[in-house]
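Novice: missing the sequence, but the structure's below:
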DNA sequence: CTGAAAGCGCTTACAG
DNA sequence: CTGAAAGCGCTTACAG
C-alpha cells in the first residue's frame, strides 16, 4: 500500500540513491533516448518498490504542456440534459485519463467566457472541449484567436470548427422507416428549437424517410415546441389531424406528450402510437415502454476527447459522426 | 483584446524590459514583501497594458501547491441526481475560481478509486471534494492515509470526516409542522434507503414534528422504497391506511407517487394531499404544484468548496449544516 | 550508453 | 527598497 509513511521521492533523490544521474532516471521512465538494459531495469525496479510517481506538473512545465484538458460546461443546462451531460463527461474523463490527461472544469454562461479566459490566460490547459450550445459567438471566437485547440460535441453551422456528433440524420431516418414498415400511415412530428442544428438534422432524417412516399403519410409537423405549455399545445394541434403516430424529437417533449395523452385518456398505442428520436433514462418510467433511439453519450464524449488529443498531437482532425446507436423497441407503437 | 499576436511575456522578460529584477516583478504581482510605490505602479502598469498573466503552474511548482481541487463524481449517479449534481458542481466551481483554484475532475465508481489515486499520486490537487455516496470504505480510507485534505458533501456516520450538508432534520420538521397546522390528521411517509444518513435525518425531522401529537396523526411509514415498483407498492400500502396526506422523502419517489395516483384516479388534494421533503426541478411539471422543501444545491457546493479551502489554509474546519432552504407552497395540499 | 548543464516560469530566503 | 542566487521537480540538447 502507498501510505504517506513512505518517503516521497523525486528524480534527484532516486538518482542519488542509485548512483546515477537524473538524466538517466528520467530516460528510464520516459523510455526516450538510449539507456543500458540493466540500468533501466534497476531503476524501474526501484521505482516500483518505492511506488515513485513522477510529478506531472513539473514534467509539464519542462515540456511546456499542462496535461490538462479544459471541459466547458453550460451553466444554464436544462435539468433534462444533465444526465446526458454527466454521462458524456464520464466518457471524456476515461479517455483523458487513459492518455495521461486530466480534466479541468470551467463554466460558460451564455456568452460569459470569464472562466474560459481564465483557463487560457493561466495556461492551465492544452485544449478545450465545448458543447454545441456554445458554438455561437464568443467562446469559439475567443478560442480561435487565442489559438487554443478545441473540439465541439454536437453540431453547428460553423464549418471551421471540429464537431463530434451522433449521426442524427441517419438514425432518425431509420426510425421513421421502421414506423412506415410497421404500417403506420399518418405520422406527426413534434420538435424543439429550429435554430438548433440537431433539430434540423432530425427533421432531415424524418423527411428523408418520407421521401417518395404518399403525401398523406406525413401528418402535422410542429416545431419550436419548447416549454411544457407549448408542447401540450403542439400535442393538441397535432391530434386534430388524427395521426396514427406521433414522433417526438426528444425525451422531454416525449414525456410531456405521454403525460398529456394520459390525462386526455388517449391510449397508447391503441389510439395513437408514440416514438421518440431521443430516448433517455428519463423515459424509462413510462408505460408502455417507448420506442425510440438510444445514443451512447459516454462513447460520444470519449470520441470527442480522442479527437482533441489527436489535435494536440498535431494531427489534422475531421468532423466525426458517430453512427452507433440503438433502436429500442417498445410497445408504444402498434405491433 | 488579448490575441495571440501579442507577445507572451514571462516574469524574466518583463524584468529585462523594465530594467528591474524578476524578484521585484514577482513582488509587485504578489504584493508580498516591501517594494517602492513607484516601482510597483510602473510594473503593474506594464503588466496591465501587455495583458500579462503569470503562469499559475510554474508558481505552483515553486510554492509546492497545485492550485487545483479534485472533484470526485460518482459514476453510477442516478439520472434524478444529475441536475442536483450539476448545480452543486456549479457552486463549487465558482467558489474555487474566486479563490484562484481550478477544479480537476475524477470518477469514483463504487469503490474503484483508480482515478482518485491517480490525482493523489500525480500530485495534481491540493484537496478533494467527495459526495456522501463515497463515504463508505475505500475513498475516505485512502485519502486519510495519503494525508490529502478533503470534505464531503452530504452526511455520513464517520465523525472523523468533515461534512457539509443541508439541515434536513430542521427542514423536514418545519414542513411536517406546517402540514399539521393545515389541519392534516393522518400523515403517511414514503422514504428511500434506510442505510443512507439523509433518510434517517428526514425521518428524524418528521418524527420530531409529530412528537407529543396524538398517535393517530402518524399514519403508515414505508421506507426502503427505491425502485419504481417498490414505490408504487409502497403507495398502495400507504393508501390502505387512508391517510389524508402522503409525504415523499425525495423527488423521484414523489414523481412516481403522483403518476401512480393519477393512474388510480385519485385526486390531489381532494382525496389526498401530497408533500415532498425534496422538491427539485424534476417536479416542476406536475399538476397541481407540489408543496415541498427546496434546497440550494449550488450554494451548498460553494460552501463545501469554501470549507475545503479553509482547510488548505490550515484552519480547523467543523461540520457545517446549511439551514437555508425554501418551503414551496403548492396546491398539492388542502388549503 | 551516460552525465553535467541549462532551462521551463515562477518564489523566497538571504544579503545588501 | 532591491537583486543575485538557489530552488520547485522535471526534460532535453549537447558532449563525451
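Specialist: Here it is on my side, so go on. Note that this is a predicted model, so its numbers are computed, not measured. Residues are numbered from 1 along each chain as shown, chains lettered A, B, ... in the order given.

Novice: Indicate the residue of the stretch 151-300 of chain A located nearest to DNA strand D.
Specialist: residue A:151 (24.5 Å; CB to the nearest atom of the strand). Placement of C-beta: from N, CA and C, glycine included.

Novice: Note down every partner strand of the host helix or strand of that residue and its orientation.
Specialist: Of the helices and strands defined by DSSP states H and E, residue A:151 is found in strand A:150-153. Counting by DSSP bridges, the strands paired with strand A:150-153 are strand A:127-131 (parallel), strand A:163-166 (parallel).

Novice: now the ones you listed in a markdown table, with distance to DNA strand D, mean pLDDT and mean neighbour count?
Specialist: Formatted as a markdown table, these follow (distance: least, CB to the nearest atom of the strand, whole Å; pLDDT from 0 to 100; neighbours: other CB atoms under 10 Å in any protein chain shown):
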| stretch | distance to DNA strand D | mean pLDDT | mean neighbour count |
| --- | --- | --- | --- |
| strand A:127-131 | 18 | 94 | 24 |
| strand A:163-166 | 29 | 96 | 24 |
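
Novice: May I have the secondary structure class of whatever residue of chain A ends up closest to chain B?
Specialist: Closest to chain B within chain A is residue A:82: 3.7 Å, counting by CB to the nearest CB. Following DSSP: H, G, I helix; E, B strand; the rest coil, we place residue A:82 in the helix state.

Novice: In contact with the closest residue to DNA strand C within the stretch 151-300 of chain A, which residues?
Specialist: Of all residues in the stretch 151-300 of chain A, residue A:151 sits closest to DNA strand C, at 25.4 Å by CB to the nearest atom of the strand. The contact partners of residue A:151, by CB atoms under 8 Å, 6 or more residues apart in numbering or on different chains, come to A:127, A:129-130, A:161-164, A:304, A:307-308, A:311, A:317.

Novice: circling back to that earlier point, can you pull the pLDDT of the residue of the stretch 151-300 of chain A closest to DNA strand D?
Specialist: pLDDT for residue A:151: 96.

Novice: Quick check: bridge partners of it?
Specialist: residue A:129.

Novice: what's the distance between the strand holding residue A:151 and the middle of its chain?
Specialist: Its chain's C-alpha centre and that of strand A:150-153 lie 9 Å apart, by CA atoms, centre = their mean, to the nearest Å.

Novice: And stretch A:127-144, by the same measure?
Specialist: 15 Å.

Novice: Show me what it is in contact with.
Specialist: A:69-74, A:85, A:92, A:108, A:111, A:113, A:116-117, A:119-120, A:148-158, A:160-161, A:163, A:165, A:196-198, A:304-305, A:308-309, A:311-312.

Novice: ranges for the strands of the stretch 101-250 of chain A?
Specialist: Counting by DSSP state E, counting those that start in this stretch, the segments of the stretch 101-250 of chain A that form strands are A:102-108, A:127-131, A:150-153, A:163-166, A:187-190, A:218-222, A:245-248.

Novice: isn't residue A:9 right up against residue A:55?
Specialist: No. Counting by CB atoms under 8 Å, residue A:55 is not a contact partner of residue A:9; they are 10.1 Å apart.

Novice: Alongside DNA strand C, which residues does chain A contribute?
Specialist: Proximity of chain A to DNA strand C, by CB under 7 Å from any atom of the strand, involves residues A:19-24, A:27, A:33-37, A:39-40, A:58, A:61-62, A:64.

Novice: same thing but at 10 Å, please
Specialist: A:11-12, A:15, A:18-28, A:33-40, A:42-43, A:57-64, A:122-123 (CB under 10 Å from any atom of the strand).

Novice: Not counting residues beside it along the chain, what's closest to residue A:191?
Specialist: Leaving aside its sequence neighbours, residue A:191 sits nearest to residue A:249 (CB to CB, 6 or more residues apart in numbering or on different chains; 3.8 Å).

Novice: Can you get me a residue count around the one you found?
Specialist: 25 (other CB atoms under 10 Å in any protein chain shown).

Novice: That one contacts residue A:196, doesn't it?
Specialist: No. The pair residue A:249 / residue A:196 is not scored as a contact, 9.9 Å apart, by CB under 8 Å.

Novice: Phi and psi next, for residue A:69.
Specialist: phi -120, psi 130 (degrees, to the nearest 10).
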